[in-house]
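Trainee: Okay, sequence plus prediction incoming.
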Amino acid sequence: MSDIVAYSKFNPFRRVDWRYERVLGMVDREDGKLGRCTHKDDRYVKGLRNFILRFRAIKNDRDRNTLSEENPGLYMAWLYNMNRDTDGGRRLVVMVEARILAGQDDETIAEEMTLAPKSIEWFEALFFCVRDRRNACDWIVSQVLIPSVMAASESSAARTAEEQRMAREGATEETGAAAARRRRNFISLTELTDPFQDVTVKFVGYFGGVHVLDFALGLYERGNLANSKKEVSAWHDAHLSARSRQRSSNTISVMPIDRDNAMQLLNLHARLIEIDRSSDTAENKEDKYHNAIKAVIKEIPWAVGTAGRALVAGTSVEKFDDGGMKLRDSELQLCAAGETPDNIEIVDSVEVFRPRPKLTAQIRGKEVK
C-alpha cells in the first residue's frame with residue numbers, strides 16, 4: 001500500500017473522488033507545468049494520469065479506439081463520469097453508486113446492469129471510493145448521503161422558484177406557446193437532476209441492503225406475477241401499496257420541516273408509537289407467552305416406555321414404577337433425595353390387576369379375536 005493511499009485511508013475529510021482530484025492537480029496546475037506521479041501513488045492514480053493526457057491528445061477515431069482497447073475498464077469508467085450530467089448517464093451513475101453502497105461486488109453489479117466488471121472497479125477507485133469505508137457509517141453519512149440530500153433540497157428550492165416565476169409570467173401577457181416552451185425546458189432540467197431518486201436509492205442501498213435497493217430501483221416488483229385473470233386486481237392493489245410506500249420514502253428523505261408541518265409529523269409519530277404498542281399488547285405478548293411455555297416444556301425430561309424405565313433404573317423409584325399406585329410429587333422428591341416417605345409400604349403392597357384374556361370366536365371356520 002502506498003503512503004498516499006495509507007494517508008487517505010485515515011483522512012476524515014477524504015472525498016469519494018480523491019484519486020481523480022489528485023490527478024487533476026497534476027495535469028491542471030496553475031503554472032502550466034505538468035505534475036508527475038511519485039512512488040507513493042497507486043496504479044489507479046498513475047493509470048488515470050496517463051489516460052487523461054492521452055485522451056486530451058486524441059485527434060481522430062483511430063486514437064480513440066486505440067486508447068479504449070488498451071484499458072477498456074478505465075475508458076468506460078471515464079465515460080460514466082463524463083456523462084453523469086446527462087439523463088441516461090445520471091441514472092446509470094446513481095444506480096452504480098447505490099449498488100456499491102449496498103455492498104455488491106463488481107461482477108454482480110455488472111451482471112445487473114450489463115456493464116463490464118473492470119469498469120465498475122475503475123469507477124469505484126477513481127470517482128466513488130467508498131468500499132474501504134462502508135463500515136464507517138458517520139463518514140458515509142457526511143461525505144455521501146448528506147451531499148445528496150443538500151443537492152435534492154437545492155433542486156427542490158430551484159423548482160419552487162421557477163414555478164413561481166412561471167406563474168407570475170403566465171399572469172402577464174406572455175404567450176401560451178412561450179410559457180409551454182419554458183415549462184418543457186424546466187421539466188427536462190428536473191428530470192436530468194432527478195434528486196429524489198439519488199437520495200432514495202443511496203439511503204436504502206446503504207441502510208436497507210440489496211433487496212430494498214432492487215425494489216427502489218425497479219418500477220415494479222420482480223417475480224410477483226399474476227397467474228390468472230382473478231389475480232390481476234390483487235396485483236394492482238399490491239403494486240399501489242408498494243409504490244405508495246416508496247413514494248413516501250422518497251418524500252420524507254428530502255421534505256423540509258417547518259411550522260406548517262411540524263405538528264403533523266409529531267402526530268404521525270405519536271400514532272405510529274400507538275400502533276406499535278397496541279400490536280405489542282396482542283400478538284407480540286402472545287408470542288412471548290408461547291415462547292416461555294415452549295422453553296419450559298423443552299426443559300422437562302419427558303420419557304415413557306423403555307426410555308422411562310431406563311431413566312429410573314437403579315433408583316428407589318424403580319420398584320414403584322410398575323406398581324398399582326403412583327407416588328405423590330412430594331414422595332418422588334423424597335425418593336430422589338435418598339429419603340423414605342412415610343407409609344411407603346402401602347404403595348409397595350398394592351398389586352396391579354392382571355388383564356383379562358381376550359375372547360375368541362369361530363366365524364365361518366376362522367378364529368377371530
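Mentor: Good, I have the coordinates.
Trainee: For this protein, which element, helix or strand, carries the lowest mean pLDDT?
Mentor: When each helix and strand of the chain is scored by mean pLDDT, DSSP states H and E, helix 176-193 comes last, with a mean of 45.
Trainee: Quick check: mean pLDDT of whichever helix or strand comes after it?
Mentor: Toward the C-terminus, helix 176-193 is succeeded by helix 195-207 as the next helix or strand (DSSP states H and E). Mean pLDDT, computed over helix 195-207, is 76.
Trainee: Does anything pack onto helix 195-207? Which helices or strands?
Mentor: Judged by 3 or more CB pairs under 8 Å, 6 or more residues apart in numbering; DSSP states H and E, helix 195-207 is in contact with helix 87-101, helix 146-171, helix 210-217, helix 232-254. Using the backbone N, CA and C atoms, a C-beta is placed for each residue, glycine as well.
Trainee: worst average pLDDT in these?
Mentor: Lowest mean pLDDT within the helices and strands packed on helix 195-207: helix 146-171, a mean of 66.
Trainee: element containing Ile120, please.
Mentor: Ile120 belongs to helix 117-127, assigned by DSSP H and E.
Trainee: Can you give me the buried ones in that helix?
Mentor: Within helix 117-127, the residues scored as buried using 16 or more other CB atoms under 10 Å are 118-127.
Trainee: And stretch 83-100, by the same measure?
Mentor: By 16+ other CB under 10 Å, the buried positions in stretch 83-100 come out as 89-100.
Trainee: ok, back up a step: would you mind putting the buried residues of helix 117-127 into a markdown table with pLDDT alongside?
Mentor: Converted to a markdown table, those look like this (pLDDT from 0 to 100):
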| residue | pLDDT |
| --- | --- |
| Lys118 | 96 |
| Ser119 | 96 |
| Ile120 | 96 |
| Glu121 | 96 |
| Trp122 | 96 |
| Phe123 | 96 |
| Glu124 | 96 |
| Ala125 | 94 |
| Leu126 | 95 |
| Phe127 | 95 |
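Trainee: want to throw those into a markdown table with distance to Gly205?
Mentor: Putting those into a markdown table (distance: CB to CB, whole Å) gives the following:
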| residue | distance to Gly205 |
| --- | --- |
| Lys118 | 22 |
| Ser119 | 19 |
| Ile120 | 14 |
| Glu121 | 18 |
| Trp122 | 20 |
| Phe123 | 15 |
| Glu124 | 14 |
| Ala125 | 19 |
| Leu126 | 20 |
| Phe127 | 17 |
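Trainee: Which one of these is nearest to Ala242?
Mentor: Checking the buried residues of helix 117-127 against Ala242 by CB to CB gives Ile120 as the nearest, at 28.4 Å.
Trainee: OK, contacts around the closest one?
Mentor: Applying CB atoms under 8 Å, 6 or more residues apart in numbering, we find Ile120 in contact with 77, 96, 100, 106, 109-110.
Trainee: hmm, try it at 7 Å
Mentor: By CB atoms under 7 Å, 6 or more residues apart in numbering, the contact list for Ile120 reads 96, 106, 109-110.
Trainee: For Lys33, see how far away it is.
Mentor: Distance of Ile120 to Lys33, computed by CB to CB, to the nearest Å: 34 Å.
Trainee: Likewise for Asp61?
Mentor: 31 Å.
Trainee: Number of residues surrounding Arg245?
Mentor: Other residues lying near Arg245 total 11 when counted by other CB atoms under 10 Å.
Trainee: Distance of it relative to Thr340?
Mentor: Distance, Arg245 to Thr340, by CB to CB: 70 Å.
Trainee: Next: Phe207.
Mentor: 67 Å.
Trainee: re earlier: would you mark the buried spots in whatever helix or strand comes next after the helix holding Ile120?
Mentor: Past helix 117-127, further along toward the C-terminus, the next helix or strand under DSSP H and E is helix 137-140. By neighbour count on 16+ other CB under 10 Å, the buried set for helix 137-140 is 139-140.
Trainee: same for helix 137-140, what does it pack against?
Mentor: Helices and strands touching helix 137-140, as assessed by 3 or more CB pairs under 7 Å, 6 or more residues apart in numbering; DSSP states H and E, are absent.
Trainee: where do the helices sit along the stretch 201-350 of the chain?
Mentor: 210-217, 232-254, 262-279, 285-299, 305-312, 318-321, 329-336, 344-349 (DSSP state H, counting those that start in this stretch).
Trainee: how about the ones you listed in CSV, adding distance to Gly25?
Mentor: Supplementary listing: the helices of the stretch 201-350 of the chain in CSV, determined by distance: least, CB to CB, whole Å:
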stretch, distance to Gly25
helix 210-217, 34
helix 232-254, 33
helix 262-279, 45
helix 285-299, 60
helix 305-312, 79
helix 318-321, 89
helix 329-336, 82
helix 344-349, 96
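Trainee: Would you indicate which residues of stretch 35-50 are buried?
Mentor: Buried residues in stretch 35-50, counting neighbours by 16+ other CB under 10 Å, are found at 37, 41, 44-45, 47-50.
Trainee: Give me the subset of those lying in helices.
Mentor: 44-45, 47-50 (DSSP state H).
Trainee: Pick the one among these closest to Met26.
Mentor: Arg49 (5.8 Å).
Trainee: quick one, phi/psi of the closest residue to the closest one other than its chain neighbours?
Mentor: Counting by CB to CB, 6 or more residues apart in numbering, Val23 is the residue found nearest to Arg49 once chain neighbours are left out, at 4.9 Å. When read as degrees, to the nearest 10, the backbone of Val23 gives phi -70, psi -40.
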